[in-house]
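Chemist: coordinates only, sequence not included:
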């Protein structure tokens, strides 16, 4: 219980000293002055009013010890000297017991060098006054009583050391509070930076997810285009060949059987290419027979493409440059697919007709041109989705090229595309 009461009183004192510091100084200076004066008045015989006044002036300045500690020390030292010289109360010796409060205030409230100088001056003045008035005996190093110069030095030294120690503690506490404030600010900035970093990481993760989804969509679209090109081309060839076979089957069974064989070979080719394209979706997985996917098509395979179209009834004339095989693989794949889609459109919309193909490598671009004659008599084009020419435009746009398609002046259709070679430099 006593410990709690002591802690409560100590806390109340700290709060009072922080909020109303002048109240503590008033209590010390005023209370000590009142106590000393009342004690002096109780003497017999009663001292004179001058003596009581001079006695009270030695402690009254303590009321201002926080604001003007050096002035308070000077005033109290002057009052001490006046009391010693006037000697208004016979037998009353002030000693150093009141001056040490001012010495403590100077050491506590002023820089060490300045405080030590003022305290030393006050000590010398007080000791000199006591020695000159004959109130103190010679210094005795082994005793503080009676009052001697030794007594003054010890009490002044203890008061100054206590004040200087409290000043250092207060300065260290202020530095510690300032450091805590700076650490708090730095911690706040660190938390803000961490929050921004977390937000940036979330944005980066979301961007990666978006990019991954976009890459997946793009890859699926590419595979869909390839699948469309393969299926449309070969199925169109199968449809055209099936109609032709149906017409000759009754008249020439042998020729009809050859047509059926071509249909089967075309279907097999379509299945092989579809397996290759679908194999891209299961890359890395085990496949039947352990065989990998077939190689990507290139301009070295265009002869087989022409043969398939000719088997469907078209008559193909081709003009091919010899340097096509030196083109980059990506450009060859796109050029092959563009040519394949153009020939598929010929089979769909014109059937067995004349076809002229031009593949020319210039200094800055690769030119692809497919011209076909008018549709064969009685040809019925199957319905289309329009994805073929859209795929051609997308492939050409990927290389920054141009594409043109439209009817020819004397019948038929023309598709031409230009793929710049600088895009691959």
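Modeler: Happy to help now that I have it. This structure is a prediction, so every number in the text was calculated from the model and none was measured.

Chemist: so where do the helices sit in the stretch 1-150 of the chain?
Modeler: 2-19, 21-41, 49-57, 69-86, 99-109, 112-133, 149-249 (DSSP state H, counting those that start in this stretch).

Chemist: which of these is buried the deepest?
Modeler: helix 99-109 (a mean of 25; mean count of other Cβ atoms under 10 Å). C-beta here means a position set from N, CA and C on the backbone, and glycine is covered the same way.

Chemist: for the nearest residue to residue 98 once chain neighbours are set aside, what are its contacts?
Modeler: Closest residue in space to residue 98, ignoring its immediate chain neighbours: residue 58 at 4.9 Å, by Cβ to Cβ, 6 or more residues apart in numbering. Neighbour list for residue 58: 36, 76, 79, 80, 83, 94, 98, 99 [criterion: Cβ atoms under 8 Å, 6 or more residues apart in numbering].

Chemist: Nearest to residue 210 among those?
Modeler: Nearest to residue 210, judged by Cβ to Cβ, of those is residue 76 at 80.6 Å.

Chemist: low pLDDT regions in the stretch 1-150 of the chain?
Modeler: The stretch 1-150 of the chain contains residues with pLDDT under 70 at 1-22, 24, 29-30, 40, 42, 46, 91, 135-147.

Chemist: hmm, try it at 80
Modeler: Across the stretch 1-150 of the chain, the ranges flagged by pLDDT under 80 are 1-60, 65, 83-84, 86-98, 130-131, 133-150.

Chemist: ok, residue 364 - how many residues close by?
Modeler: A total of 9 residues lie near residue 364 under the criterion other Cβ atoms under 10 Å.

Chemist: What pLDDT does the model give the nearest residue to it once chain neighbours are set aside?
Modeler: Closest residue in space to residue 364, ignoring its immediate chain neighbours: residue 421 at 5.7 Å, by Cβ to Cβ, 6+ apart. As predicted, residue 421 sits at a pLDDT of 85.

Chemist: Could you double-check that residue 421 sits in contact with residue 367?
Modeler: No: using Cβ atoms under 8 Å, residue 421 is not in contact with residue 367; the gap is 10.9 Å.

Chemist: Need the residues touching each of these two.
Modeler: With Cβ under 8 Å, 6+ apart, residue 421 and residue 367 have common neighbours residue 361.

Chemist: Residue 357 belongs to a strand?
Modeler: Yes: assessed by DSSP: H, G, I helix; E, B strand; the rest coil, residue 357 belongs to a strand.

Chemist: do you know how far it is from residue 262?
Modeler: Counting by Cβ to Cβ, to the nearest Å, the separation of residue 357 from residue 262 is 20 Å.

Chemist: same thing with residue 86?
Modeler: Separation of residue 86 from residue 262 (Cβ to Cβ) stands at 143 Å.

Chemist: swap in residue 101?
Modeler: Residue 101 is 123 Å from residue 262, where distance means Cβ to Cβ.

Chemist: swap in residue 371?
Modeler: Residue 371 is 24 Å from residue 262, by Cβ to Cβ.

Chemist: Look at the two and report which has more neighbours.
Modeler: Legend: neighbour count by other Cβ under 10 Å for residue 371 and residue 262, higher for residue 262 (21 against 18).
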